[in-house]
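Asker: Let's see this in three dimensions:
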Amino acid sequence: MAAEDGGSVCTPKRCRLSETLDAERPLRGLRLVSVLSKNPRSKTISLHCQLPAEQGGGEASSHNTLARVMEEDGPETSKEGPGEGGKPMNNAVLILEKTSFHETDLDAVLGHATTFHLQLQNDIYSSYLTRPPPEVNGKIPRANASHRCAICDTCVKRGRDVGMLGAQSHNVCVCVLELLESQFSLQWVYNILEGRAEQDRVVFDDPDPENGFVLVPDLKWDQKEATQLYLVAICRRRNIKSLRDLTGNHLPLLENVFLRSQAEVLSHFGVPAIQLRCYLHYQPSYYHLHVHITHLAADVPGSGVERAHLLADVIHDLRRDGDACRSRPFSFPLRSNDKLLARFRDAGRL
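Answerer: A predicted model of the protein is given here:
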């Protein structure tokens, strides 16, 4: 249950790395390839790495030994090569972030073991670089790893934003979808839906094949702060790829996800519906219908108006016009090196 002040929750079990990984050194043999992105505001950095094939489970695919390295402003280059001892390597995306402070650590952080190095002082204002004791400082970094990524999965995150693009018709999106579906594996989604992975993290499971869904915490939420709540509702139907596929016939599914998710969040975490934002991405990061559920106070990537579409608004539009999502134009941002951008150019839309 949530604390009275709504500050911390930990009802579901913490997320953990795959059981096939070494418990002591889950990322042994890790090799850095390139920095994909970094965000000073959120204190995160995304890395393209490579791991020995046995670390991620299964065999490395033939293209997984190709590491593409892209300079920030220079041409794209590539390099091939196995890991140490000729072992096959799998690509991985590793996201490092610093977790938030907790009240129980404050005495140690502010105690005599913490050093304060003055960096700036001006009248009543001063700035310090602090170094807390290891037992506290060691709690700060956390890592999320995605194993066995196709190389395009990592490179698509690189490059600079070029602006907003619009897709005017469903036919264009179907053409674009053919490109994206060949690049991203959905096996991890099916593993969750079929009960073969992450079952200790499931918050709610509706088994109905038409209107059911599985509610799980997003890896970006450490499940400690209710105000940083981030869940994902993964729909069971596999024939709905994105917001663009939705019609009035899908209203029972959308309404079930909307209302039941809010009820489950209140039951498990004590957060009322009035403090939640429920939305879909367009373009989505993977093409299997899912809904993001976050706390209004959480500053999460992808929640801006350029990509997020409130589920309540989608339901309202489909009630008025069952073909609204298929006929209306949707704008979305793309990066300069995105293959989707190249597809638009090839189609003469830019």
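Asker: contacts and neighbour counts: CA atoms only from here.
Answerer: Will do.
Asker: Helix or strand with the lowest mean pLDDT in this structure?
Answerer: Of all helical and strand segments in the chain, the minimum by mean pLDDT, DSSP states H and E falls on strand 66-70, at a mean of 31.
Asker: where do the strands sit along the stretch 101-250 of the chain?
Answerer: Shown for the stretch 101-250 of the chain, the strands assigned by DSSP state E, counting those that start in this stretch span residues 115-122, 125-131, 141-147, 161-167, 204-205, 213-217, 230-235.
Asker: What helices and strands are in contact with the shortest one?
Answerer: What that stands for is strand 204-205. Using 3 or more C-alpha pairs under 8 Å, 6 or more residues apart in numbering; DSSP states H and E as the contact test, the elements touching strand 204-205 are strand 213-217.
Asker: Neighbouring strands of the strand it packs on in the sheet, and parallel or not?
Answerer: Within its sheet, strand 213-217 is paired with strand 204-205 (antiparallel), strand 230-235 (antiparallel), according to DSSP bridges.
Asker: if I look at the residue lying closest to residue 254 once chain neighbours are set aside, how far off is residue 132?
Answerer: Spatial nearest neighbour of residue 254, excluding adjacent residues (C-alpha to C-alpha, 6 or more residues apart in numbering): residue 315 at 7.0 Å. Separation of residue 315 from residue 132 (C-alpha to C-alpha, to the nearest Å) stands at 49 Å.
Asker: Likewise for residue 201?
Answerer: From residue 201 over to residue 132 the distance is 32 Å, taken as C-alpha to C-alpha.
Asker: now do residue 105
Answerer: On the measure of C-alpha to C-alpha, residue 105 and residue 132 end up 10 Å apart.
Asker: Next: residue 300.
Answerer: Counting by C-alpha to C-alpha, the gap from residue 300 to residue 132 is 27 Å.
Asker: you'd agree residue 275 is up against residue 293?
Answerer: No: assessed by C-alpha atoms under 8 Å, residue 275 is found out of contact with residue 293, at 10.3 Å.
Asker: Among those two, which residue is more densely surrounded?
Answerer: residue 293 (25 against 12; other C-alpha atoms under 10 Å).
Asker: Run through who's touching the host helix or strand of that one.
Answerer: Using DSSP states H and E, residue 293 falls within strand 290-295. With C-alpha atoms under 8 Å, 6 or more residues apart in numbering as the test, strand 290-295 has contacts from 226-235, 242, 275-281, 311.
Asker: out of these, which are buried?
Answerer: 226-235, 242, 276-281, 311 (16 or more other C-alpha atoms under 10 Å).
Asker: quick one: low-confidence ranges for the stretch 51-200 of the chain?
Answerer: 54-87, 120-125, 137-184 (pLDDT under 70).
Asker: redo that, cut-off 90
Answerer: Applying pLDDT under 90 to the stretch 51-200 of the chain flags the ranges 51-188, 197-198, 200.
Asker: Quick check: neighbours of the strand holding residue 293 in the sheet, parallel or antiparallel?
Answerer: Here strand 290-295 is paired, per DSSP bridges, with strand 230-235 (antiparallel), strand 276-281 (antiparallel).
Asker: List the beta-bridge partners for the nearest residue to residue 292 once chain neighbours are set aside.
Answerer: Nearest residue to residue 292, sequence neighbours excluded (C-alpha to C-alpha, 6+ apart): residue 232, at 4.8 Å. Legend: beta-bridge partners of residue 232 under DSSP bridges are residue 216, residue 292.
Asker: List the contacts of residue 232.
Answerer: Listed by C-alpha under 8 Å, 6+ apart, the contact set of residue 232 reads 215-218, 290-293.
Asker: okay, now residue 116: neighbour count?
Answerer: 14.
Asker: my guess is it contacts residue 126, does it?
Answerer: No: using C-alpha under 8 Å, residue 116 makes no contact with residue 126, being 11.2 Å away.
Asker: do you know which of the strands paired with strand 213-217 lies nearest residue 253?
Answerer: With C-alpha to C-alpha as the criterion, residue 253 lies closest to strand 230-235 of the strands paired with strand 213-217, at 8.3 Å.
Asker: No more questions from me, cheers.
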